[in-house]
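[1] attaching a predicted model along with its sequence, questions to come.
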Amino acid sequence: MLIAITSEGLEPTSLVAEKFGRTPFIILYDTEKNTSESLRNPYANLFGGAGIQTAQFIIEKSAEAVIAIDIGLNPLRLLKSADVKVYSCSKIQVQQVQEVVKEFIGEKLTLVEFGFILNHGKKGHGRKRGNRNKNI
């Protein structure tokens with residue numbers, strides 16, 4: 001399986017990049033061949049739409065899964081529409097790319113679903129409903 005990991009550098013010892021669309025590099029790791037390829041993200045400095053363009057770039061590279069710390073709704077939708085699975089790694093403890101690859105192989109990463117991304121894993125946020133139109 002070919003997986004794409006957001007990265008701050010070109011090496012497997014580099015830290016996983018926090019922002020999906022603005023990741024400076026993407027490391028493609030082939031779990032079957034145990035090989036990796038490092039690529040510069042050509043869309044990292046794009047004024048708008050970096051997430052969508054980065055997702056399209058990853059799809060064109062034939063990745064079957066993505067590992068990222070944070071991903072927006074639009075790139076997530078695009079990746080899912082191309083049957084690319086998206087996994088989240090910890091934001092609390094920044095990890096090296098090689099560490100998250102081991103976690104992926106060991107099936108320890110969380111598969112990102114739409115509800116998770118919309119709520120950012122939290123409950124109770126959003127506008128209160130109820131008596132907003134009621135005359136007092």
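    Everything's here; your move. These numbers were taken from a predicted model, which means no experiment stands behind them. Residues are numbered from 1 along each chain as shown.
[2] and the top helix by length along the chain, which residues are buried?
    Across the chain, the longest stretch assigned as helix under DSSP state H is helix 50-60. Taking 16 or more other Cβ atoms under 10 Å as the basis for neighbour counts, the residues of helix 50-60 that come out buried are Ala50, Gly51, Ile52, Gln53, Thr54, Ala55, Gln56, Phe57, Ile58, Ile59. Placement of C-beta: from N, CA and C, glycine included.
[3] the helix or strand following it pairs with which strands, and in what direction?
    Under the assignment DSSP states H and E, the closest C-terminal helix or strand after helix 50-60 is strand 65-68. For strand 65-68, sheet partners with direction are given as strand 2-7 (parallel), strand 85-88 (parallel), following DSSP bridges.
[4] so which of those is nearest Ile105?
    Between Ile105 and the strands paired with strand 65-68, the shortest gap by Cβ to Cβ is with strand 2-7, which sits at 9.4 Å.
[5] list the contacts for the residue nearest the centre of the chain?
    Centroid check for the chain by Cα atoms, centre = their mean gives Ala68 as the closest residue, at 3.1 Å. With contacts defined as Cβ atoms under 8 Å, 6 or more residues apart in numbering, the neighbours of Ala68 are Ile5, Thr6, Val16, Ala17, Phe20, Thr23, Val86, Tyr87, Ser88, Cys89.
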